[in-house]
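In: my questions concern the predicted model and sequence given below.
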Amino acid sequence: MNRTTSPPARGRLIVFEGIDGTGKSTQLRLVADVLRQRGYPVVATREPTDGPYGRRIRGLYANREGCSREEELQLFIADRRDHVDTVLQPALDAGRIILCDRYYLSTAAYQGANGMDVDTILARNRFAPVPDLAILFEAPIALGIERITASRGEHLNDFEKVEGLTRVARIFAALDLPYIRRINAAQPIDTVRDTILALVLPLLPPPSAAN
Ligand SMILES: Nc1ncnc2c1ncn2[C@@H]1O[C@H](COP(=O)(O)OP(=O)(O)OP(=O)(O)O)[C@@H](O)[C@H]1O
Ligand SMILES: Cc1cn([C@H]2C[C@H](O)[C@@H](COP(=O)(O)O)O2)c(=O)[nH]c1=O
């Protein structure tokens, strides 16, 4: 008998976006735990990645000297291409639920804040799968800075960085795409987690169909 098996349902791509210190990584871990407890095959990942381009990008945080804005943008895009090819597309094809800490809206906002054209950045990311949901974490810049300073001892509070984050926040605020949902990330951790789950759970197939 000629038996056929149906391919697994396409997975879901859910991305966590927003300025620094709004709680994306914290929430990604919490939401991944809840989904796994419910039986979903979750892939938790992030950009910049830990791959070769991502490592080069992280090296730039310490010293940007000699790297033009265009080269920086190219590195983020190369990192994303690699991420799509090696992690995101295979996971989607296998029916997994991907939770990704930052994606191409971060490129639009951060490299846009560096002076690159936002629409051009988005156009150069057309190779990347469109997310099913982009959760945009919104909180005052000062709150994000305060959280990071308290937790990591990083000193983000100089004028130049605050000004830069203000430009980033303005671009995030102006993005108008159908898959974006904005959340109030200034609320307590459990409240934010429940808000995210209320957005995510209705988008998922039953856990058995996602395995
Ligand atoms: N809702 C919240 N209320 C209070 N503190 C929070 C909340 N969410 C996260 N934090 C704390 O703020 C700090 C920064 O959180 P987290 O690393 O998750 O932010 P992030 O958005 O991923 O930052 P970055 O973009 O810089 O990586 C952590 O110490 C975390 O415990
Ligand atoms: C994906 C992406 C990230 N960035 C910036 C945003 C943050 O300042 C760092 C990542 O830091 P995290 O603490 O690891 O979240 O990189 C960017 O400028 N462009 C991008 O595309």
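Out: Perfect, I can see it now. Ligands and ions are numbered 1, 2, ... in the order given.
In: stretch 181-200 close to ligand 2?
Out: No - Stretch 181-200 lies apart from ligand 2 when judged by Cβ under 6 Å from any ligand atom; the minimum separation is 13.8 Å. In this view, the C-beta of every residue, glycine as well, is placed from N, C-alpha and C.
In: and the residue most central in space within the chain, how far from Ala109?
Out: Residue closest to the average C-alpha location in the chain (Cα atoms, centre = their mean): Arg102, at 1.9 Å. The spacing between Arg102 and Ala109, counted by Cβ to Cβ, to the nearest Å, is 10 Å.
In: which residues do these two both contact?
Out: When contacts are counted by Cβ atoms under 8 Å, 6 or more residues apart in numbering, Arg102 and Ala109 are jointly contacted by Glu17.
In: now the helices for this protein?
Out: Using DSSP state H, the helices of the chain run over 24-37, 52-62, 69-83, 89-93, 104-106, 112-113, 118-123, 141-152, 159-174, 189-200.
In: please identify the most buried of those.
Out: Of all those, helix 104-106 has the most neighbours on average by mean count of other Cβ atoms under 10 Å, namely a mean of 24.
In: contacting residues around stretch 181-191?
Out: For stretch 181-191, contacts defined as Cβ under 8 Å, 6+ apart pick out 18, 22-23, 26-27, 30, 133-140, 143, 192, 195-196, 199.
In: go again using 10 Å as the cut-off
Out: Contact with stretch 181-191 is made by 16-19, 21-24, 26-27, 30, 133-140, 143-144, 147, 172-173, 175, 192-196, 198-200, as judged by Cβ atoms under 10 Å, 6 or more residues apart in numbering.
In: list the buried residues of that stretch.
Out: By neighbour count with 16 or more other Cβ atoms under 10 Å, stretch 181-191 contains the buried residues 183, 185.
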